[in-house]
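Visitor: here is my input; please provide its structure:
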Amino acid sequence: MICLVRARDAAHGWRRIVETAARLGLEVDRERVEVVPADLSVPRFGLSDEAFAELAEKIFQIVHCGARVDWSARFEDLEPTNVGGTIE
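Guide: This next block holds a predicted model:
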């Protein structure tokens, strides 16, 4: 499984995943998860053309749960992540 994570690098992404899983009482099988630091709000998730193409070659199914939730934000502020990330 490939997991795109808002993170500075893969190590930071792992910490975010592990901390969230622990908070939810879950464990993460590190053998089955590949962390890709990314930003859903920008084209190609902020990845280089090469990294994006490589990712596209590997993926056959997408589960999108990376929404930005802010009830006081305008749609225009939420659109890049919530809509653009899905389209990308």
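
Visitor: CA atoms for contacts and neighbours, from now on please.
Guide: Noted.

Visitor: where do the helices sit along this protein?
Guide: 10-23, 49-58, 75-79, 85-87 (DSSP state H).

Visitor: would you mark the buried spots in the third one?
Guide: Neighbour counts over helix 75-79 (16 or more other CA atoms under 10 Å) mark residue 78 as buried.

Visitor: now it: mean pLDDT?
Guide: Per-residue pLDDT over helix 75-79 has a mean of 80.

Visitor: packing partners of that helix?
Guide: Applying 3 or more CA pairs under 8 Å, 6 or more residues apart in numbering; DSSP states H and E, we find helix 75-79 packed against no helix or strand.

Visitor: follow-up on the earlier one: can you tell me which of the helices of the chain comes nearest to residue 1?
Guide: Taking CA to CA, helix 49-58 is the member of the helices of the chain nearest to residue 1, at 9.8 Å.

Visitor: quick revisit: let me have the helices of the chain in a markdown table, extended by distance to residue 3.
Guide: Output for the helices of the chain, formatted as a markdown table (distance: least, CA to CA, whole Å):
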| stretch | distance to residue 3 |
| --- | --- |
| helix 10-23 | 9 |
| helix 49-58 | 11 |
| helix 75-79 | 21 |
| helix 85-87 | 14 |
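
Visitor: and residue 53, how many neighbours?
Guide: 12 (other CA atoms under 10 Å).

Visitor: ok, it - contacts?
Guide: For residue 53, the contact set (CA atoms under 8 Å, 6 or more residues apart in numbering) is empty.

Visitor: roughly how far does the residue lying closest to residue 14 once chain neighbours are set aside sit from residue 52?
Guide: Leaving out its chain neighbours, the residue that sits closest to residue 14 by CA to CA, 6 or more residues apart in numbering is residue 35, at 6.7 Å. Distance, residue 35 to residue 52, by CA to CA, to the nearest Å: 14 Å.

Visitor: got it, and residue 78?
Guide: The value you get for residue 78 to residue 52, if CA to CA is used, is 23 Å.
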